[in-house]
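Trainee: A predicted structure for the sequence below; I have some questions about it.
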Amino acid sequence: MIEFRYTGDALWARMERAVERVNERLRKTVRILEEAKIPYAVVGGHAVRAWVAQVDEGAVRTTRDVNILIRPDDLPLVIEAMTNAGLYYRQTAGLDMFVEQPEASARDAIHMVLSGQMVRSDDHDPNPDVEPNVIADDFRTVNLETLVRMKLNSFRRKDQVHILDMISIGLINETWLELFPLEIRRRLQELLDDPDG
């Protein structure tokens, strides 16, 4: 039988701290990129959180990922700015990321998503450009249509869950189908047809 190592206030403190660490990573990254005047857009789970919070803050999920969309030509500038701020650059399995400690896990990294590139060979679309973008809270993110398209393009389990969250609060509905090409339209239709999984 497995037992909790932490209970009571200690467990609550660890859970709250885990979420806050991710938020701190995001805020620090945004501050660095804004100060360096490097174009970027927050994507992934934090972008979903920002859009969902506009409609229903009770539907916002936590996320451990910090994903930042940048242009490939700006990567050297990003590396310079981030390392000057005390972060460590790492490239693992072709992915560019930054960590706060040299031995830190990729799970705790800030991931750079390069615009114009395919993440996987079977992706329908390359990653979008960082512009146009919108200001959400204190950071720049992609517009909702671009975010949904990115999620449909990747279509991993977490991407599907993010889209289902947006469907559940009315951010996405049947009218969105006409915005996308057939292959990713089918993916959205699948989720619209069975929103409870």
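Mentor: Received, thanks.
Trainee: all contacts plus neighbour counts: C-alpha atoms, from now on.
Mentor: Noted.
Trainee: Now do the residue nearest to residue 82 when sequence neighbours are not counted, the pLDDT please.
Mentor: Using CA to CA, 6 or more residues apart in numbering and skipping the chain neighbours, the partner closest in space to residue 82 is residue 32 (6.7 Å). Model confidence at residue 32, expressed as pLDDT, equals 98.
Trainee: With residue 130 instead?
Mentor: Residue 130 is assigned a pLDDT of 97 by the prediction.
Trainee: show me the contacts for it.
Mentor: Residue 130 sits next to 39-41, 69-71, 115, 142 when contact means CA atoms under 8 Å, 6 or more residues apart in numbering.
Trainee: try it again with 7 Å
Mentor: 39-41, 69-70, 115, 142 (CA atoms under 7 Å, 6 or more residues apart in numbering).
Trainee: how about it, secondary structure?
Mentor: When states are read from DSSP: H, G, I helix; E, B strand; the rest coil, the local structure at residue 130 comes out as coil.
Trainee: hmm, back to that, next SSE after whichever strand or helix holds the residue nearest to residue 82?
Mentor: For residue 32, the element it lies in under DSSP states H and E is helix 8-35. Next along the chain after helix 8-35, taking DSSP H and E as the criterion, comes strand 41-43.
Trainee: Contacts made by that next one with the rest, please.
Mentor: The contact list for strand 41-43 (CA under 7 Å, 6+ apart) reads 67-70, 130, 133, 140-142.
Trainee: Could you work out the most separated pair of the residues you listed?
Mentor: Across those, the longest distance by CA to CA is 14.9 Å; it joins 67 and 133.
Trainee: What's the separation between residue 96 and residue 11?
Mentor: As for residue 96, its distance to residue 11 is 33 Å (criterion: CA to CA, to the nearest Å).
Trainee: Which residue of these two possesses the greater neighbour count?
Mentor: Neighbour comparison, residue 96 and residue 11: the larger count goes to residue 96, with 17 against 13 (by other CA atoms under 10 Å).
Trainee: partners of the more buried one in the sheet?
Mentor: In this structure, residue 96 bridges to residue 91, residue 112 when assessed by DSSP bridges.
Trainee: Please identify the nearest residue in space to the residue nearest to the spatial centre of the chain, excluding sequence neighbours.
Mentor: The residue at the geometric middle of the chain, judged as the C-alpha nearest the mean C-alpha position with CA atoms, centre = their mean, is residue 44 (1.7 Å). Counting by CA to CA, 6+ apart, residue 44 lies nearest to residue 67, which is 5.7 Å off, once chain neighbours are set aside.
Trainee: Just give me the neighbour total for the closest residue to residue 85 other than its chain neighbours.
Mentor: For residue 85, ignoring the flanking residues on the chain, the nearest one in space by CA to CA, 6+ apart is residue 32 at 7.4 Å. Close neighbours of residue 32, defined as other CA under 10 Å, add up to 16.
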